[in-house]
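Kindly generate the corresponding structure for this input.
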Amino acid sequence: LQIIYEINRRFIDFAKSKFGDDSAKLSKLSIVSGDGDGQIIRMANLSIVGSFSVNGVARLHSELIKTRLVPEFYELWPEKFTNVTNGITPRRWLLHANSALSDLITSKIGGDWIINLDELHKLEKFADDKKFLREFSEVKLQNKKRLVNTIFKTTGVMVNPESMFIIHAKRIHEYKRQLLTILQVIGDYLAIIKDNQKPTTAKTYIFAGKAAPSYNFAKLIIKLINNVASVVNNDPRVNDMIKVVFIPDYKVSLAEMMFPAANVSLQVSTAGFEASGTGNMKFALNGALTVGTLDGANIEIREEVGFDNFYLFGLTEEEINEKRATYNPRELYEKDDYIKRILNAVNSTMFCEKDYVLLFKPIFEELLNRDYYFVLADLEAFDKKMEILKNGFVQLDAERKAFEKEKLQFHSEQKVHERDLHRERNDQMAEMLFQGVNSQLALKKRYRDLLKMFHPDNVAGDAEMVLVINRIYEELKRSYEFGRWA
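Residues are numbered from 1 along each chain as shown. Below you'll find the model as predicted:
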């Protein structure tokens with residue numbers, strides 16, 4: 001402790017050379033805060049003083065450190081502050097987790113991308129290549145089928161691999177806004193059962209993640225997701241157009257199946273709260289479209305994949321700061337019928353167990369009276385963006401199904417052609433095997449030898465060839481040459 005006191009004394013002397021006797025700034029810079037038993041050591045301040053470089057883990061995060069978290073340190077040492085955006089390893093999250101897509105990529109641009117991810121830009125020239133896009137769609141479908149099996153084994157729910165897989169997989173926290181997603185699902189469900197609006201494409205919402213042991217509100221969100229899933233999945237009026245699943249025990253091995261299977265990645269944290277995120281990168285690397293806010297590494301992902309391929313919605317960090325003092329979620333509830341209907345459903349018995357009808361009232365009250373993470377403020381914008389994305393998926397799905405029909409027809413014609421060629425080849429081979437036979441005795445002997453040779457129990461057995469031999473033998477017996485032998 002004495003060492004820390006001495007470091008702080010020398011540091012404050014240095015800071016005075018910049019700020020003079022500005023007590024407010026010196027107080028915020030000090031490593032030691034308070035007096036007596038209430039004294040604390042500010043470990044973040046100590047770390048900054050002892051470091052030659054300080055960085056955030058995404059561009060926005062690094063800016064927030066300089067402007068909101070420790071602006072006095074940035075003013076003192078601007079040269080210390082920089083940005084280092086988090087990253088992921090493509091060897092784990094693409095090469096290993098999605099070998100089929102990796103093979104497809106390598107077949108088009110070679111394998112240098114494995115150690116230099118910038119090489120993936122070479123795929124841009126295949127953006128309009130129908131053959132490549134079809135192969136990519138086939139890889140995605142097979143990955144979805146693999147996840148379907150896992151979902152059924154862990155939840156007992158059978159989902160349609162042809163549906164749009166919308167995945168929200170991350171730690172359960174209010175700022176990550178799994179609540180926003182499940183409220184939008186409720187909105188879709190109510191549109192079906194109350195307005196008779198039939199979705200144009202089937203959608204499967206897939207949630208995964210864990211909550212901290214003592215984080216009761218996060219656990220209540222998990223409970224809401226599971227209860228909504230139970231109601232929606234068993235309502236015949238929905239007719240499998242919406243499925244909701246919460247896959248338990250989220251871990252790396254499960255993530256390695258989820259990232260390759262996603263059509264849509266939800267990265268919907270409240271702007272200004274997510275430091276970086278890496279799940280957003282893993283989904284994007286595996287070809288999922290992102291619906292997200294301007295938060296964390298979403299900003300840089302949007303720049304890399306192109307603005308048209310990132311479905312942006314929601315308030316920015318600056319707009320949230322401006323609205324914070326005057327934001328009134330109850331006013332939104334009273335004025336917006338879409339929001340009111342969803343929240344009333346949450347506060348009703350619709351998704352509650354019969355013996356506990358007020359189960360989700362804490363969620364209703366939190367959103368109506370505080371809504372610290374601006375869920376209601378972004379809900380309608382989120383729903384509209386999901387509608388735009390759905391229309392794009394419908395078009396792509398129609399093109400894929402048309403291709404599948406063409407492929408099936410081609411395969412059918414090809415099978416007929418191959419079968420005809422196979423029969424012709426067998427006929428020619430059998431006739432050749434009977435060549436040189438010039439007597440009834442020789443014909444019978446050759447026939448017996450050939451049956452023995454091509455018997456299905458032999459290594460070279462061929463049941464179809466046995467049928468051909470029988471047919472040609474009968475024809476030879478009836479032929480003019482056979483009559484001459486007799």
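
Starting from Met43, give me the distance back to Asp35.
19 Å (C-beta to C-beta, to the nearest Å). Any C-beta I mention is one placed from the backbone N, CA and C, and that applies to glycine too.

Which neighbouring residues are in contact with the most centrally placed residue in the chain, exactly?
The chain has Ala262 as the residue nearest its centroid, 3.3 Å off, counting by C-alpha atoms, centre = their mean. By C-beta atoms under 8 Å, 6 or more residues apart in numbering, the contact set of Ala262 is Phe165, Ile166, Ile167, Ile206, Phe283, Asn286, Ala288.

10 Å - rerun?
140, 143-144, 147, 164-169, 206, 282-284, 286-290 (C-beta atoms under 10 Å, 6 or more residues apart in numbering).

Run through the helices of the stretch 251-400 of the chain in chain order.
252-261, 279-285, 298-305, 317-323, 329-335, 337-346, 361-369, 375-433 (DSSP state H, counting those that start in this stretch).

so after the longest one, what's the next helix or strand?
Moving toward the C-terminus from helix 375-433, the first helix or strand encountered (DSSP states H and E) is helix 440-453.

mind saving the C-alpha coords of that next one as PDB?
The C-alpha atoms that make up helix 440-453 are tabulated as PDB, following Å, rounded to 0.1, in the frame of the first residue of the first chain:
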ATOM      1  CA  GLN A 440     -25.300 -76.100 -77.400                       C
ATOM      2  CA  LEU A 441     -23.000 -77.700 -74.900                       C
ATOM      3  CA  ALA A 442     -20.500 -74.800 -75.000                       C
ATOM      4  CA  LEU A 443     -23.400 -72.300 -74.600                       C
ATOM      5  CA  LYS A 444     -24.700 -74.000 -71.500                       C
ATOM      6  CA  LYS A 445     -21.200 -74.300 -70.000                       C
ATOM      7  CA  ARG A 446     -20.500 -70.600 -70.700                       C
ATOM      8  CA  TYR A 447     -23.900 -69.700 -69.200                       C
ATOM      9  CA  ARG A 448     -23.100 -71.600 -66.000                       C
ATOM     10  CA  ASP A 449     -19.600 -70.000 -65.700                       C
ATOM     11  CA  LEU A 450     -21.000 -66.500 -66.200                       C
ATOM     12  CA  LEU A 451     -23.700 -67.000 -63.600                       C
ATOM     13  CA  LYS A 452     -21.100 -68.200 -61.100                       C
ATOM     14  CA  MET A 453     -18.800 -65.300 -61.900                       C
END
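
Show me what it is packed up against.
Helix 440-453 sits against helix 375-433, helix 463-478, helix 480-485, with contacts defined as 3 or more C-beta pairs under 10 Å, 6 or more residues apart in numbering; DSSP states H and E.

Confidence-wise, which of those is weakest overall?
With a mean of 49, helix 480-485 has the lowest mean pLDDT of the helices and strands packed on helix 440-453.

for the stretch 101-250 of the chain, which spans come out with low pLDDT?
For the stretch 101-250 of the chain, no stretch is flagged by pLDDT under 70.

ok, which stretches of it are strands?
Here the stretch 101-250 of the chain has its strands, by DSSP state E, counting those that start in this stretch, at 164-169, 203-208, 242-247.

and the first one, how far from the chain's centre?
Okay, so that is strand 164-169. 5 Å (C-alpha atoms, centre = their mean, to the nearest Å).

returning to that earlier point: have a look at Asp35 and Met43 and say which one is more surrounded.
Shown here are Asp35 and Met43; by other C-beta atoms under 10 Å, Met43 has more neighbours (10 against 7).

just checking, Phe310 touches Ala297?
No - taking C-beta atoms under 10 Å as the definition, Phe310 is not a contact partner of Ala297, at 11.8 Å.

So between those two, which is more surrounded?
Using other C-beta under 10 Å, the more surrounded residue of Phe310 and Ala297 is Ala297, with 28 against 20.

distance of that one from Ser265?
In terms of C-beta to C-beta, Ala297 sits 12 Å off from Ser265.

Report the set of residues contacting both of those two.
Common neighbours of Ala297 and Ser265 (C-beta under 10 Å, 6+ apart) are Gly279, Asn280, Met281, Ala284.

Tell me the most packed of the residues you listed, by neighbour count.
Asn280 (28 neighbours).

surely that residue meets Asn286?
No - using C-beta under 10 Å, Asn280 is not in contact with Asn286; the gap is 11.4 Å.

which residues do those two both contact?
What both Asn280 and Asn286 touch, as defined by C-beta under 10 Å, 6+ apart, is the set Ser265.

Touching, Val245 and Val159? I think so.
Yes - counting by C-beta under 10 Å, Val245 touches Val159, with 6.6 Å between them.

Between the two, which contacts overlap?
Common neighbours of Val245 and Val159, counting by C-beta under 10 Å, 6+ apart, are Leu147, Ile151, Phe152, Thr204, Tyr205, Ile206, Asn233.

How many residues are close by the last one?
When neighbours are defined as other C-beta under 10 Å, Asn233 has 18 of them.

Touching, it and Lys243? I think so.
Yes - assessed by C-beta under 10 Å, Asn233 is found in contact with Lys243 at 5.8 Å.

Quickly list what's touching both of these two.
With C-beta under 10 Å, 6+ apart, Asn233 and Lys243 have common neighbours Val157, Met158, Val159.

Quick one, which of these are buried?
Among the shared contacts of Asn233 and Lys243, those buried by neighbour count (16 or more other C-beta atoms under 10 Å) are Val157, Val159.

and which of the shared contacts of Asn233 and Lys243 is nearest to Asp128?
Among the shared contacts of Asn233 and Lys243, Val159 lies closest to Asp128 (C-beta to C-beta), at 31.2 Å.

rewinding a little: and of the strands of the stretch 101-250 of the chain, who's closest to Asn347?
Once the strands of the stretch 101-250 of the chain are compared by C-beta to C-beta, strand 242-247 is nearest, at 19.2 Å.

for the closest one, packing partners?
helix 130-155, strand 164-169, helix 178-195, strand 203-208, helix 216-233, helix 252-261.

If we use 8 Å, what do you get?
With contacts taken as 3 or more C-beta pairs under 8 Å, 6 or more residues apart in numbering; DSSP states H and E, strand 242-247 sits against helix 130-155, helix 178-195, strand 203-208, helix 216-233.

This completes my enquiry, with thanks.
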